[in-house]
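Asks: When you get a sec, could you give me coordinates for this:
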Amino acid sequence: MQLKLRDELLNMEKVSYAMDHIELPEGGVDCSEGCTPYGFPPEMLKAVEDFDMNRLGPYPHSTAIFDGLLEYWKGQFFLEPENLFLTDGSIAAIYVVCNIFNRPGAKVIGVAPQFTDFEMTVRLLGMDYQPVMLKKENNYTIDPDEIIEAIDEETSLVYIDNPNNPTGQVIDSYAIEQILKKAEKCGAAVVVDEAYGDFMPNQNSAAKFLEKYECMIMMRTLSKAFGLAGLRIGYIIAHKPVIAAMRKITNPYQVSEFARELGGEALRHSYHIWENVTDFAKMKREIKATVGHKLHIAQTYDTVSIFLLWHDDENVDLKQEFFDRGVLCVSGSDFTGLGKNFARIRLPKIDEFPVLFRAIKAIDLGE
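Replies: The predicted structure follows:
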């Protein structure tokens, strides 16, 4: 029997590096998953001990996550509950946002490479994804002017991950505002996916434009910098009519009582992030100073935990080269515009860095 599934689901294969299992090389280090290797703030352990398990009986109504967000964003912009939507991580946020703008053939602008799951979701919904390709000769640097030029009256949605995944580069807030201005003139929404946003200063977040631009939709997750990927907490900040549309297509219990309570506690201890980013910056600078023979590093921001390497030889399977040297990473072939000679790497703890650094040096020198 042939069930009447949508043609896009039957004819397209979903490409995504996100998976529910990993194979770590024996004695090696995991540099594949985006969550911080330093884990969650230690205060979380006390919060778990104090949590009353009887609260898991009723539906979730905790306001702790909202209180934590108010504390985290204090002084940046005015946030109300009606501007906030909770999700099962930022991947679920992508599904929700794409759903409310889902019109077959709708024009969507992005860049390539960037987070694969957004592109795949858009294509599977039958929307027309038109990425601005990042160029090797420009070191894969994002040019905001090219994005602005691509936006027109036919555009429904613009998607930018900032910091960019896989390169780890940051677009400054001035450039984000210019994109918002053009999009608002054309009646297009701009989704700024800040999954890695906690690794950059909050002053650079698109969230500060909430009151100024109705087209701004910002999403974040506690999976990356807060080290809570297993807790599955994401959130969207947008204008009230946009959030109201999201609530129409979902249930009000997107995040559990336990996750709301612990997420709220984590947001009160963001110092934990900034204690570790100095390590990321130190490691990344050392890598930048080392590569340049056979390996090259794309434009990146020092405090962001991820970066992109590529090998001169297009036939080299860079993920396998790293795996053979004890490092698990993500293949560039999972990203539009890249091949197997690229690899996205998440920095490890600094005491595990020698394993990664030795691998990079050996591959760079062809050893």
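
Asks: got the contact list for R260?
Replies: By CB atoms under 8 Å, 6 or more residues apart in numbering, the contact set of R260 is 60, 62-65, 86, 233. Quick note: C-beta positions are derived from backbone N, CA and C, even for glycine.

Asks: The nearest residue to G105 once chain neighbours are set aside bridge partners, please.
Replies: Nearest residue to G105 in three dimensions, chain neighbours excluded: D128, at 5.6 Å (CB to CB, 6 or more residues apart in numbering). Beta bridges link D128 to K107, judged by DSSP bridges.

Asks: Begin at 6, not 1, for the rest of this chat.
Replies: Noted, 6 is the first residue going forward, which turns the last one into D133.

Asks: residue contacts, D133?
Replies: By CB under 8 Å, 6+ apart, D133 lies in contact with 110-113.

Asks: phi, psi of A243?
Replies: A243 adopts backbone torsions of phi -160, psi 180, taken as degrees, to the nearest 10.

Asks: And it, how far from E216?
Replies: Between A243 and E216 the distance is 12 Å, computed by CB to CB, to the nearest Å.

Asks: Just want to know which of these two has more residues nearby.
Replies: A243 (25 against 12; other CB atoms under 10 Å).

Asks: Compare the contacts of D133 and tell me which is most surrounded.
Replies: V113 (25 neighbours).

Asks: so that one touches V127, yeah?
Replies: Yes: using CB atoms under 8 Å, V113 makes contact with V127 at a distance of 5.0 Å.

Asks: Could you tell me which residues touch both of the two?
Replies: Common contact partners of V113 and V127 (CB under 8 Å, 6+ apart): 134, 162, 164.

Asks: three-state assignment of the last one?
Replies: In terms of secondary structure, Y164 is strand; the call rests on DSSP: H, G, I helix; E, B strand; the rest coil.

Asks: all helices in the stretch 206-355 of the chain, in order from the N-terminus.
Replies: With DSSP state H, counting those that start in this stretch as the criterion, the stretch 206-355 of the chain has helices at 245-253, 262-272, 276-295, 323-329.

Asks: So for E31, which of the ones you listed sits nearest?
Replies: helix 323-329 (10.5 Å; CB to CB).

Asks: next one: that closest one to chain centre, how far?
Replies: The chain centre lies 23 Å from the centre of helix 323-329; the measure is CA atoms, centre = their mean, to the nearest Å.

Asks: And that helix, what does it pack against?
Replies: In terms of contacts (3 or more CB pairs under 8 Å, 6 or more residues apart in numbering; DSSP states H and E), helix 323-329 is packed against strand 311-316, strand 335-336, strand 347-351, helix 358-370.

Asks: Give me whichever of the helices of the stretch 206-355 of the chain is most buried.
Replies: Mean neighbours per residue, mean count of other CB atoms under 10 Å, is largest over the helices of the stretch 206-355 of the chain for helix 262-272, with a mean of 23.

Asks: on that earlier part again, what's the spacing between the residue nearest to G110 and I368?
Replies: Counting by CB to CB - D133 and I368 are separated by 38 Å.

Asks: neighbours around the residue nearest to D329 when sequence neighbours are not counted, how many?
Replies: Distances taken as CB to CB, 6+ apart place P30 nearest to D329, at 7.8 Å, with adjacent residues excluded. Neighbour count for P30, taken as other CB under 10 Å: 15.
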